[in-house]
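**Q** test case, fold it:
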Amino acid sequence: MSSPVTIHPALPSTPESMGVAPYNFPRVDQAEAFPVLTAAQITRFRDAGRVRKVELGEILFEPGLTNAPLWVLLSGSLDIVLSDGTGGERALVTFHAGTFTGEMTTISNRAGMARGRISEAGEFIELNRQQLQDLLARDAELSEILMRAFILRRILLLSSGYGNVILMGSRHSPETLRLREFLSRNAHPHTYIDLDIDKNSQAMLDRFSVKVEEIPVVICNGKTVLRNPSTHELARCLGFNPSIEPTEVRDVVIVGAGPAGLAAAVYAASEGLDVLVIETTAPGGQAGTSSKIENYLGFPMGVSGQELTNRAAAQAQKFGAQMIIASSVARLNCDQRPYEVHLDDGRTIPAKTIVIASGAQYNKPHIENLANFEGLGIYYGATFLESQLCGQEEVVVIGGGNSAGQAAIFLSETASRVHMLVRTQRLSETMSRYLIQRIEKNPKIDLRYGTEIIALEGANHLERVTWQDKSGATESHPIRHVFIMAGASPRTDWLKGCLALDEKGFILTGRDLDPMPKEFGWMLDRRPQMLETSLPGVFAVGDVRANSVKRVASAVGEGAIAVSLVHRTLAEL
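**A** Numbering: from 1, shown residues only. Predicted coordinates:
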């Protein structure tokens, strides 16, 4: 028999000098990414689906198709190809007998990226989405094989720079950074072309009269051209979000896909509840931008925030949770049951219960021209993408919490010097001891207490920073990159009038509602449960909750606990 898969490692049509990574596989075991099924395993797939004949040249799926079936090859072969953005195709993999198709979009309900074309007639087993989910739920061995393969195949796509998106932009464009961050944090494979390096692509855009304000340009699925799209427009073009039936009442709607929201999604979906998660940007929240989390249980060597939350998102979707990306909740209709969650795009989602895990956002220093440099030297996350923009230059990190400490250590690996500015006089109350010790002993980190930035200067990009210490002394430095990770404000504007909030806008829950504020009536005989808000059946978890512990582990714990409380509430209805 021929090899179970044939890899087509053709190089991208544009060289690495254009800002596109060359096609190469990382250190991934291809036997695990493309496993060969045993006869017994194939029999279980056969029992779960149906066998059908396929003909030479038949197209089984196209880019943009949602709910694509999983195919197990009994005989014949299947080519997986991507559009190259110019009307041609790029071959990725050819599957042969004993293997199966699919990657993360197979379980996420997102639109697929590739075309599947029969290159040799034969017989395939077809499993639709429901059949696949049922199989994942009852067959632990096949579930592990499929999930491992799907994750590893996505990693291979990400490392290759291949996908169904070509993003052409400039490193001097904050909009380019916005879209690159959106695609990267959502782990969506794409090709990035830097117009500052690739003069041929720039000339092409000039011929089509693309204006500076219309950059970046995105080619989606090899055919749709978007000029400086919003993240919502890009998500829609890529088929990120499932169609929502407006009359379907969900058991639980989870607002926010940080650690707390993802934990709630995993436990609720695994226990058979109808779950919908709504996320404004990407799974992970603030934790998703952490370069390395070393004090999370079970990861003695540490784990990046994005890796942890991407795995959690895949786990939730494996159990059947649906997820809407790049949409925000505009308001909550709390005057009736079921409640109604109104999205910023006009859609309305009824829900029996709601878990609010919308998190908090970093506070912005009161600097007059701060907004002028956002994305142009001012950043609110320190991932590999931002570190590439900084190179070996000096950088500033503002903040005294764990996120700021992790960012300072991470950036010190590449930056020539990291100036860490902390408003307070010590870190012991806000940062883990292991981070403090590393910062204090790192010769590349300049730790300054009682210090704040008072001025930013620059033309088209941040060029100079001035800070002031507690004595009033000021210093000015030619620094072009500042990372802000100071304090946090809750995202609760959409809840005013519906829920009781504290003076800072965080949501009051459980015992913190004793006594219940007069303006919020409580009609039930019982008192609010531990994580329940002033509105029955609405819960708050994670950073958005008043008096919560600002740690990933506690957020995950609250998300899990909330699901048990959701079950109690559903039993009351």
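**Q** how much space between the residue lying farthest from the centre of the chain and residue 249?
**A** Distance from the C-alpha centroid of the chain, by C-alpha atoms, centre = their mean, peaks at residue 471 (42.0 Å). Residue 471 sits 61 Å away from residue 249, going by C-beta to C-beta, to the nearest Å. In short, each C-beta sits where N, CA and C put it, glycine included.
**Q** please apply the same query to residue 358.
**A** 21 Å.
**Q** the two: which is more packed in?
**A** residue 358 (29 against 15; other C-beta atoms under 10 Å).
**Q** residue 154 reaches residue 104, doesn't it?
**A** Yes. The pair residue 154 / residue 104 is scored as a contact, 4.6 Å apart, by C-beta atoms under 8 Å.
**Q** for the least confident helix or strand in the chain by mean pLDDT, what is the distance to the chain centroid?
**A** Using mean pLDDT, DSSP states H and E, the weakest-scoring helix or strand in the chain turns out to be helix 199-207, at a mean of 74. Centroid displacement of helix 199-207 relative to its chain, using C-alpha atoms, centre = their mean, to the nearest Å, is 32 Å.
**Q** buried set for that helix?
**A** 201, 202, 205 (16 or more other C-beta atoms under 10 Å).
**Q** ok, of these, which one's closest to residue 123?
**A** residue 201 (44.3 Å; C-beta to C-beta).
**Q** distance-wise, check that closest one relative to residue 503.
**A** 52 Å.
**Q** residue 561 now?
**A** Taking C-beta to C-beta, one finds residue 561 at 26 Å from residue 503.
**Q** neighbour-wise, which of these two wins?
**A** residue 561 (19 against 6).
**Q** test my guess that that one contacts residue 531.
**A** Yes. Using C-beta under 8 Å, residue 561 makes contact with residue 531 at a distance of 6.3 Å.
**Q** which residues are in contact with each of the two?
**A** Residues touching both residue 561 and residue 531 (C-beta atoms under 8 Å, 6 or more residues apart in numbering): residue 541.
**Q** residues of stretch 294-307 that come out buried?
**A** Quick answer for stretch 294-307 (16+ other C-beta under 10 Å): 294, 296, 303, 304, 305, 306, 307.
**Q** would you format those as TSV with distance to residue 550 included?
**A** Shown next, in TSV, are those (distance: C-beta to C-beta, whole Å):
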residue	distance to residue 550
294	16
296	14
303	18
304	19
305	14
306	19
307	21
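**Q** between those, which sits nearest residue 70?
**A** So of these, ranked by how close each gets to residue 70 (C-beta to C-beta), first place is residue 307, at 24.7 Å.
**Q** and that closest one, that's in a strand?
**A** No. Applying DSSP: H, G, I helix; E, B strand; the rest coil, one finds residue 307 to be helix, outside a strand.
**Q** look up the pLDDT of it for me, please.
**A** Here the pLDDT value assigned to residue 307 is 89.
**Q** now do residue 21
**A** The model's pLDDT for residue 21 equals 35.
**Q** ok, residue 2 next?
**A** 47.
**Q** can you give me the helices in the stretch 301-450 of the chain?
**A** 305-318, 384-390, 402-411, 433-441 (DSSP state H, counting those that start in this stretch).
**Q** which helices and strands sit right next to the longest one?
**A** Helices and strands in packing contact with helix 305-318 are listed as helix 105-108, helix 140-160, helix 259-270, strand 322-325; criterion 3 or more C-beta pairs under 8 Å, 6 or more residues apart in numbering; DSSP states H and E.
**Q** how big is the angle separating the third one from helix 305-318?
**A** Between the axis of helix 259-270 and that of helix 305-318 there is an angle of 20 degrees, by axes from the mean of the first three to the mean of the last three C-alpha atoms, to 10 degrees.
**Q** output helix 259-270 as PDB, restricted to C-alpha atoms.
**A** Below are the C-alpha coordinates for helix 259-270, written out as PDB (Å, rounded to 0.1, in the frame of the first residue of the first chain):
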ATOM      1  CA  PRO A 259     -10.300  31.500  31.400                       C
ATOM      2  CA  ALA A 260     -13.500  31.800  33.500                       C
ATOM      3  CA  GLY A 261     -15.800  31.800  30.400                       C
ATOM      4  CA  LEU A 262     -14.000  28.900  28.700                       C
ATOM      5  CA  ALA A 263     -14.100  26.900  31.900                       C
ATOM      6  CA  ALA A 264     -17.900  27.500  32.200                       C
ATOM      7  CA  ALA A 265     -18.300  26.500  28.500                       C
ATOM      8  CA  VAL A 266     -16.300  23.300  28.900                       C
ATOM      9  CA  TYR A 267     -18.200  22.100  32.000                       C
ATOM     10  CA  ALA A 268     -21.600  23.200  30.700                       C
ATOM     11  CA  ALA A 269     -21.300  21.600  27.300                       C
ATOM     12  CA  SER A 270     -19.800  18.400  28.700                       C
END
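**Q** list the helices and strands that helix packs on?
**A** strand 250-255, strand 275-279, helix 305-318, helix 552-572.
**Q** just to revisit the earlier point, which neighbours do residue 154 and residue 104 share?
**A** residue 187.
**Q** look at the two and report which has more neighbours.
**A** residue 104 (23 against 20).
**Q** surely that one meets residue 313?
**A** No. Using C-beta under 8 Å, residue 104 makes no contact with residue 313, being 9.2 Å away.
**Q** okay, and the common contacts of those two?
**A** Common neighbours of residue 104 and residue 313 (C-beta under 8 Å, 6+ apart) do not exist.
**Q** can you tell me which of the helices and strands packed on helix 305-318 is packed in deepest?
**A** A comparison of these by mean neighbour count, using mean count of other C-beta atoms under 10 Å, puts helix 259-270 on top with a mean of 29.
**Q** what distance separates that one from the middle of the whole chain?
**A** Going by C-alpha atoms, centre = their mean, where helix 259-270 is centred and where its chain is centred differ by 15 Å.
**Q** just stretch 47-60 next, same as before
**A** On C-alpha atoms, centre = their mean, the centre of stretch 47-60 falls 34 Å from that of its chain.
**Q** per-residue confidence averaged over the longest strand seen in the chain?
**A** Ranked by number of residues, the top strand in the chain under DSSP state E is strand 348-356. What strand 348-356 shows for mean pLDDT is 97.
**Q** repeat for stretch 500-509
**A** 95.
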